[in-house]
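Asker: quick one, what's the 3D model for this:
(2 chains)
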2 protein chains.
Amino acid sequence: MRPPLAYESEDLFSSLDKLRAGCLALPPPDADAAALAAKRQSQLTKPPGSLGRLEDIVLWLARWQGRSVPRLDRVDILVFVGNHGVTKQGVSAYPAEVTAQMVANFSAGGAAINQIARTVGANLHVVPLVLEQATADFTQAPAMTEGAFLAAVATGYKAVSAGTDLVSLGEMGIGNTTAAAALAAALFGGGGSRWAGRGTGVDDAGLARKRAAIDLGLARHAALLHDPLASAAALGGRELAAVLGAALAARHRRIPVLLDGFVCAAAVAPLAKLRADALEHALAAHISAEAAHRMLLSELRLDPLLDLGMRLGEGTGAALAVSVLRAALACHAGMATFAEAGVTNKSS
Amino acid sequence: MRPPLAYESEDLFSSLDKLRAGCLALPPPDADAAALAAKRQSQLTKPPGSLGRLEDIVLWLARWQGRSVPRLDRVDILVFVGNHGVTKQGVSAYPAEVTAQMVANFSAGGAAINQIARTVGANLHVVPLVLEQATADFTQAPAMTEGAFLAAVATGYKAVSAGTDLVSLGEMGIGNTTAAAALAAALFGGGGSRWAGRGTGVDDAGLARKRAAIDLGLARHAALLHDPLASAAALGGRELAAVLGAALAARHRRIPVLLDGFVCAAAVAPLAKLRADALEHALAAHISAEAAHRMLLSELRLDPLLDLGMRLGEGTGAALAVSVLRAALACHAGMATFAEAGVTNKSS
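Answerer: Here you go, the predicted structure:
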């Protein structure tokens, strides 16, 4: 039922041009499975549409999984982690060494994402990306060489297992809301004052430094900002590149994806710039407290599911949304039809 | 630690005056437990406040459970069911016999609430209230006698077990959004055109009949609308009265409560009219697609947790929110502190 994955080869990561071609070659969703799911929904013991977005979620899962009764037997949470040279500009409330400390915390099971992953019955995979070497400070040089960028994309791409029913994406990296804001600015216009926010809680002076760093980066790399992938290499980060790779792999394999907050949205935005329907397999799990997130989701035409004022990252918002998907699916798979239940399905 | 429950006696349900006295005698929350919970939150490995409403939820649970680390070992979903004489006015898209048919569907495990209850690990208790006898058509007479109203309140009150950690409230009853809208209008002003919505999906003509019925009811019972409890008896329904009773019992026992949609909010609104802080133990689990719900929550100063376009009732929105509470609690109970994890907790 699924098309062969011609683009699944090392060749995809051999150059920006090859990767770009892979970003344009995308299989369509399964409209038949979605139509069958919609037919089933119309027969279940509830007024039409009364489960709201829970019904939309099921159709979306059906469309991408190619199953009229989707399943969430295996849910993989992928959290990519990277370090950022731009932290030298004083853009974060926390020192850069916290990135590696948090990886140890993830391994020990002590972080928020560990608790939420367990609660929603998902597998947590934390993938550190060359933490011993921060990206270059993008105010001075491209954050990554083309090779380093492609290697990070490949790491993310290969982290997606073909056997998973849903991928929930997240990231962690001190300084990465600055990289995300710079990338969003490069893709959608506006400068640091439009896209920079407080991240994990930077103060006024830090926010001013963050805006200035973004504007410096945009000016330095102005010549290549017409190219979404080159922009991601110059301004993004390894964990953002890996998120892009994972989202692309899921799209190639028609696996639905949950996106966490602002950094995740910025990371996958180059895909949408290359092809407008590239993120139709992705659901924005929540809207974070980072103000730029709402603007960016609007640019990407993604309608967030939850609005709980979360701004932690680590994939926590996306993981939390798994519980909503499970409830939606339980209704779809488990409810009786009007005929089965002997409930009258007509107006008085 | 908890005060004696002097109001827990049959006497509470012997007259509207006794019930009113019970609605005014409310124990305070446990501020010490909430302060301890807040102290713990400040030490966990995350930027302060970064889990947003998940942090607020934990403090709310702590305040009402009287535990700095709250628990959700036992969650009871209570769904009260009643029939409504006002259906004779043609106010619903479904015939009145669907109420009893849905109770059979709940028993057989085929309804949406059965699936969501299982998904979130909660016990489902469906409580039918004298279904063989609808309330009186409130356009002609008070929906309930004082005795019938008090009996329904008592049923709801007694359905709350002292041993539960959280009560999730819901209702079902063909015609009950009309009763809820009439009660909301009685308590907060405005007529049928302000408060009537499409409920389970009534058409334009049905909506016009619904508005007219509400205005007729308000006119007929104008003399007693200064009294919130008398208004609930005259315009509400048995399942609304039971929801009020259950919310009151939870408040007396300091058990936190999740409220489902518009009908639940209208059902408990008389408590807030009697005493402004009566619903501080209650969280509005979601905002439904019924437009009047947002107005009513604003009147009650309740900020809904989820916004998923749900409008089914049955307690489905409240039950779904249990999963968010579980995730919030898992973070609070399971995360490492900065000291335990060796993560630097300071600004750069």
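
Asker: now do the strands in the stretch 151-300 of chain A.
Answerer: Listed in chain order, the strands of the stretch 151-300 of chain A (DSSP state E, counting those that start in this stretch) span A:166-172, A:257-259, A:282-284.

Asker: any idea which of those strands gets closest to chain B?
Answerer: strand A:166-172 (11.0 Å; CB to the nearest CB). Backbone N, C-alpha and C define where each C-beta goes, glycine included.

Asker: and the average pLDDT for stretch A:208-219 is what?
Answerer: Averaged across stretch A:208-219, pLDDT comes to 97.

Asker: show me the contact partners of that stretch.
Answerer: A:86, A:89-91, A:138-139, A:177-178, A:181-182, A:185-186, A:191-193, A:195-196, A:199, A:202, A:225, A:234-235 (CB atoms under 8 Å, 6 or more residues apart in numbering or on different chains).

Asker: mind running it again at 6 Å?
Answerer: The contact list for stretch A:208-219 (CB atoms under 6 Å, 6 or more residues apart in numbering or on different chains) reads A:86, A:89-91, A:138-139, A:178, A:181-182, A:185, A:191-193, A:196, A:235.

Asker: are any of those residues buried, and if so which?
Answerer: Buried residues within the contacts of stretch A:208-219, counting neighbours by 16 or more other CB atoms under 10 Å in any protein chain shown: A:86, A:89-91, A:138-139, A:178, A:181-182, A:185, A:191-192, A:196, A:235.

Asker: tell me the residues of chain A that contact chain B?
Answerer: A:45-47, A:50-53, A:93, A:95, A:98, A:101, A:105, A:110-112, A:115-116, A:119, A:200-201, A:308-312, A:320, A:323, A:326-327, A:330-331, A:334-336, A:341, A:343-344, A:347-348 (CB under 6 Å from any CB of the partner chain).

Asker: restricted to buried residues, select the residues you listed in ChimeraX.
Answerer: The buried subset of the residues of chain A next to chain B, as determined by 16+ other CB under 10 Å, is captured in ChimeraX by this line:
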select /A:45,46,47,50,51,52,53,93,98,101,105,110,111,112,115,116,119,200,308,309,310,311,312,320,323,326,327,330,331,334,335,336,341,343,344,348
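
Asker: the residues of chain A next to chain B in strands, which ones?
Answerer: Secondary structure from DSSP state E places none of the residues of chain A next to chain B in strands.

Asker: quick check, residue A:125 in a strand?
Answerer: Yes: Residue A:125: assigned to a strand according to DSSP: H, G, I helix; E, B strand; the rest coil.

Asker: so it touches residue A:78, yeah?
Answerer: Yes: applying CB atoms under 6 Å, one finds residue A:125 in contact with residue A:78, separated by 5.3 Å.

Asker: who has more neighbours out of these two?
Answerer: residue A:78 (27 against 16; other CB atoms under 10 Å in any protein chain shown).

Asker: that one - that's part of a strand, no?
Answerer: Yes: per three-state DSSP, residue A:78 lies within a strand segment.

Asker: tell me who's in contact with it.
Answerer: A:125, A:159, A:169, A:246.

Asker: output stretch A:68-76 as CSV, nothing but the C-alphas.
Answerer: In CSV, the C-alpha atoms belonging to stretch A:68-76 read as follows (Å, rounded to 0.1, in the frame of the first residue of the first chain):
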residue,chain,number,x,y,z
SER,A,68,-9.4,3.4,8.7
VAL,A,69,-9.0,2.5,12.3
PRO,A,70,-5.6,3.9,13.1
ARG,A,71,-3.4,2.6,15.9
LEU,A,72,-1.0,4.0,18.4
ASP,A,73,0.6,0.8,19.6
ARG,A,74,4.1,2.2,19.2
VAL,A,75,4.6,5.9,19.9
ASP,A,76,8.2,7.2,19.7
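
Asker: for it, which positions count as buried?
Answerer: In stretch A:68-76, counting by 16+ other CB under 10 Å, buried: A:68-70, A:72, A:75-76.

Asker: any idea how many residues pack against residue A:113?
Answerer: 30.

Asker: quick one, what contacts it?
Answerer: With CB under 6 Å, 6+ apart, residue A:113 has these contacts: A:314-316.

Asker: circling back: in helices only, show me the buried ones among the contacts of stretch A:208-219.
Answerer: A:178, A:181-182, A:185, A:192, A:235 (DSSP state H).

Asker: nearest to chain B, of those residues?
Answerer: Distances from chain B to those, taken by CB to the nearest CB, are shortest for residue A:178, at 12.7 Å.

Asker: check the closest one and give its pLDDT.
Answerer: So residue A:178 comes in at 96 (pLDDT).
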